[in-house]
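J.: Could you look at this predicted model? Sequence included:
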Amino acid sequence: MPRYGKIVVIKRNGTDGIVFPLTSTSCLFGRKTECDIRMRLPWVSNEHCKIDISENKEAVLTNLSAVNPTQLNGACLEQPVVLRHGDVLTIIDRSFRFEYPLQSTPEKRRSRSPKDETRQQVAGVELLHKQASGARSLDAS
């Protein structure tokens, strides 16, 4: 299953919370049970905002709420915008950080000598993520 990035819940104390991997080309935030990231707050719209992955693998954030617009990096979102790595989106008082997936590329070999080759190691990047089991929802608590 491809990974297009991840959404990290930012807890009220500023630390990272639950991580939602983006494995489909669309992620819907809102109050409805059909939403990918469900927020059970009365001020959240049924369909509040969404992230769509474009053909060139860019994540595009679109606000769907006229009453309580989604904020991106502290500013109200007025039109769809391409997300950058580390952008913070806020819905009411809940914040989320968007991260593109890490691209692991092997290091170039600098020498062909057998002595150097035995010393060279290509470091792999291990992504640690926590997937929420069952329903993905955030309670009002």
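T.: Noted; the coordinates are in hand.

J.: Contacts only, for the spatially closest residue to Asp87 that is not a sequence neighbour.
T.: Residue nearest to Asp87 in three dimensions, not counting chain neighbours: Phe98, with 5.0 Å by C-beta to C-beta, 6 or more residues apart in numbering. To be clear about C-beta, it is placed using only N, CA and C from the backbone, and glycine gets the same treatment. Contact analysis of Phe98 by C-beta atoms under 8 Å, 6 or more residues apart in numbering lists 5-8, 51, 59, 61, 83-89.

J.: For the chain, which segments count as helices?
T.: Under the criterion DSSP state H, helices of the chain are mapped to 114-119.

J.: so the closest residue to Leu83 other than its chain neighbours bridges to which residues?
T.: Excluding its sequence neighbours, the residue lying closest to Leu83 (C-beta to C-beta, 6+ apart) is Ala59, at 4.3 Å. Partner residues in beta bridges with Ala59, using DSSP bridges, are Ile53.

J.: my read: Ala59 touches Tyr100, true?
T.: Yes: applying C-beta atoms under 8 Å as the test, Ala59 and Tyr100 come out as touching, 7.4 Å apart.

J.: List the contacts of the residue nearest to Leu83.
T.: Neighbour list for Ala59: 4-5, 22, 51-53, 82-83, 98, 100 [criterion: C-beta under 8 Å, 6+ apart].
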